[in-house]
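Requesting a structural model of the entry that follows:
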Amino acid sequence: MGLDIGLTKISHDLIDRCVSSFCPVCLKVIRTHILQEDGKVFMEKQCDAHGKFREIYWFEASLYKKIYKIFGGKQFSRRIRIRAERLPF
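The predicted structure follows:
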């Protein structure tokens, strides 16, 4: 889903990452902030042409942290995306 641009802070208390992703309208590559709030993980995106978008990325922050720990770093989003592309729906 995105490429990690190197700004990552994941601890037991907080998820705070900056990655690149796509504007859901024009598909332009934009900077995306992944953050934890109320036990969920959100993506906040800002496109110059289409404004701000906020969506739930993971429903369980604790699960996100476990999966991130297994796959880790720059390969995390790529591996999840590749597996998602193989789903039949």
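
contact partners of stretch 44-61?
15, 21, 23-26, 28, 30-36, 39-43, 64 (CB atoms under 8 Å, 6 or more residues apart in numbering). Every residue, glycine included, has its C-beta placed from N, CA and C.

Could you list which of the residues you listed belong to helices?
residue 64 (DSSP state H).

Can you give me the neighbour number for residue 30?
Residues lying near residue 30 (other CB atoms under 10 Å) number 19.

can you tell me which residues contact it?
Counted by CB under 8 Å, 6+ apart, residue 30 has contacts 20, 21, 22, 23, 45, 46, 47.

quick one, strands of the chain?
Listed in chain order, the strands of the chain (DSSP state E) span 3-10, 15-22, 29-37, 40-47, 51-58.

What is the second one packed up against?
So the one you mean is strand 15-22. Judged by 3 or more CB pairs under 8 Å, 6 or more residues apart in numbering; DSSP states H and E, the packing partners of strand 15-22 are strand 3-10, strand 29-37, strand 40-47, helix 61-71.

got the angle between the last one and strand 51-58?
Think helix 61-71. Calculated by axes from the mean of the first three to the mean of the last three CA atoms, to 10 degrees, helix 61-71 forms an angle of 80 degrees with strand 51-58.

could you dump helix 61-71 to PDB, C-alpha only?
The C-alpha trace of helix 61-71 is given here as PDB (Å, rounded to 0.1, in the frame of the first residue of the first chain):
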ATOM      1  CA  ALA A  61      -3.600  -1.500  16.800                       C
ATOM      2  CA  SER A  62      -2.200  -4.300  18.900                       C
ATOM      3  CA  LEU A  63      -2.500  -6.700  15.900                       C
ATOM      4  CA  TYR A  64      -0.900  -4.100  13.600                       C
ATOM      5  CA  LYS A  65       2.100  -3.900  16.000                       C
ATOM      6  CA  LYS A  66       2.400  -7.700  16.100                       C
ATOM      7  CA  ILE A  67       2.300  -8.000  12.300                       C
ATOM      8  CA  TYR A  68       4.700  -5.100  12.000                       C
ATOM      9  CA  LYS A  69       7.100  -6.800  14.400                       C
ATOM     10  CA  ILE A  70       7.100 -10.000  12.300                       C
ATOM     11  CA  PHE A  71       7.500  -8.300   8.900                       C
END
